[in-house]
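*Asks:* Below: sequence and its predicted model.
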Amino acid sequence: MKKLVGYITTSFPSNNFTVDLCSSMAQNGVDILELGIPFSDPVADGPVIEKANLISLEKGFKLKDLFEVSQQISPKIETLWMGYMNMFYHQGMENIVKKAQELGVQGSIIPDLPHEEAIAYKELFAQYNQALISFVAPTDTKERIQTLVKDAQKFIYLVAYAGITGSGQSEDLTQIIENIREFSPTPIYIGFGVDEKTAKDKAKGVDGVIVGSAFVKHLLDDNMSLTQKITKISHLSKEIKEKINE
């Protein structure tokens, strides 16, 4: 059974809503929840997630909101934090990693943390039983992939194309996937541009998909009530989970 990782912007529009939404997603096919930490310059994200980030910040998002949501969500579904290095650095990496463990969070995704710098935190994450997710991009050489996936934890985040999330581009990743398999038994999950239309095709050859913009765009739809948003995203979760396992 292929896995579905679902990204949601934390506290957009409120903590209680995020908890209710994530609980429903967990009941409708999402296997791992990626709690996005709002940041003013989310360099790997497209305009949809960037907009949700900025609105959440404007509404007063603080790290205590992330902690409150995580504490309620992590007992119900495997939870990861997705954020940018600026926040981790300024809060203190050990403080954040220790807090994640205390709250039941299982790891972090930090897209702007280069592999060579991530190595410095390897022992710290291990100390607190936290995974630091490894990335592989279509532009990586076979030799580079061997380095990137060594000791990869939980899953390898395969970027579907060079660019930002949500732009819907497509590349042939067959050789990249083969190269990863040669060097690591860790499951491969593909992200960037995955939605209900592309999920079945993108899931070929990998172990799961990561969906973000396709969910968050419905959070930005002012024509729907909060209840309708939860219903829409939950149905979408179920649809994508079914398609990747057809």
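*Replies:* Right, received. Where do you want to start?

*Asks:* which residues touch the lengthiest strand in the chain?
*Replies:* Among the elements of type strand in the chain, defined by DSSP state E, the one spanning the most residues is strand 3-9. Contacts to strand 3-9, defined as Cβ atoms under 8 Å, 6 or more residues apart in numbering, come from residues 18, 21-22, 25, 29-36, 38, 49, 52-53, 56, 80, 82, 155, 187, 189, 191, 207-212, 215-216, 219, 237, 240-241, 244. For every residue, glycine as well, the C-beta is placed using N, CA and C.

*Asks:* contacting residues around the residue nearest to residue 140 when sequence neighbours are not counted?
*Replies:* The shortest distance from residue 140 to any residue other than its chain neighbours is 6.5 Å, reached at residue 148 (Cβ to Cβ, 6 or more residues apart in numbering). Counting by Cβ under 8 Å, 6+ apart, residue 148 touches 115, 134-136, 140.

*Asks:* at 10 Å instead, please
*Replies:* When the contact criterion is Cβ atoms under 10 Å, 6 or more residues apart in numbering, the partners of residue 148 are 115, 118, 134-137, 140, 156, 180, 183-184.

*Asks:* and the residue nearest the centre of the chain, which of the three is it?
*Replies:* In the chain, the centroid-proximal residue (Cα atoms, centre = their mean) is residue 34; its distance is 4.2 Å. In three-state terms, and counting by DSSP: H, G, I helix; E, B strand; the rest coil, residue 34 is strand.

*Asks:* what does residue 197 give?
*Replies:* coil.

*Asks:* picking up where we left off before, strand partners of the longest strand of the chain, parallel vs antiparallel please.
*Replies:* strand 32-36 (parallel), strand 208-211 (parallel) (DSSP bridges).

*Asks:* so where is the chain shaky, pLDDT-wise?
*Replies:* Flagging of the chain using pLDDT under 70 yields the residue ranges 42-44, 161-171.

*Asks:* which stretches of it form strands?
*Replies:* Listed in chain order, the strands of the chain (DSSP E) span 3-9, 32-36, 78-82, 107-109, 131-132, 134-136, 156-159, 188-191, 208-211.

*Asks:* ok now the third one, how far from the chain's centre?
*Replies:* Right, the one you point to is strand 78-82. Taking the mean of its C-alpha atoms, strand 78-82 sits 7 Å from the chain's own mean (Cα atoms, centre = their mean, to the nearest Å).

*Asks:* Could you name the helices and strands sitting against that strand?
*Replies:* Using 3 or more Cβ pairs under 10 Å, 6 or more residues apart in numbering; DSSP states H and E as the contact criterion, the neighbours of strand 78-82 among helices and strands are strand 3-9, helix 15-26, strand 32-36, helix 63-73, helix 93-103, strand 107-109.

*Asks:* Export those to CSV and append columns for distance to residue 175.
*Replies:* Converted to CSV, the helices and strands packed on strand 78-82 look like this (distance: least, Cβ to Cβ, whole Å):
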stretch, distance to residue 175
strand 3-9, 23
helix 15-26, 33
strand 32-36, 26
helix 63-73, 37
helix 93-103, 35
strand 107-109, 24
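
*Asks:* Which helix runs longest in this structure?
*Replies:* helix 226-244 (DSSP state H).

*Asks:* Measure how it sits relative to strand 3-9, angle-wise.
*Replies:* For the pair helix 226-244 and strand 3-9, the angle between their directions (axes from the mean of the first three to the mean of the last three Cα atoms, to 10 degrees) equals 150 degrees.

*Asks:* which parts of helix 226-244 are buried?
*Replies:* 229-230, 233-234, 236-238, 240-241, 243-244 (16 or more other Cβ atoms under 10 Å).
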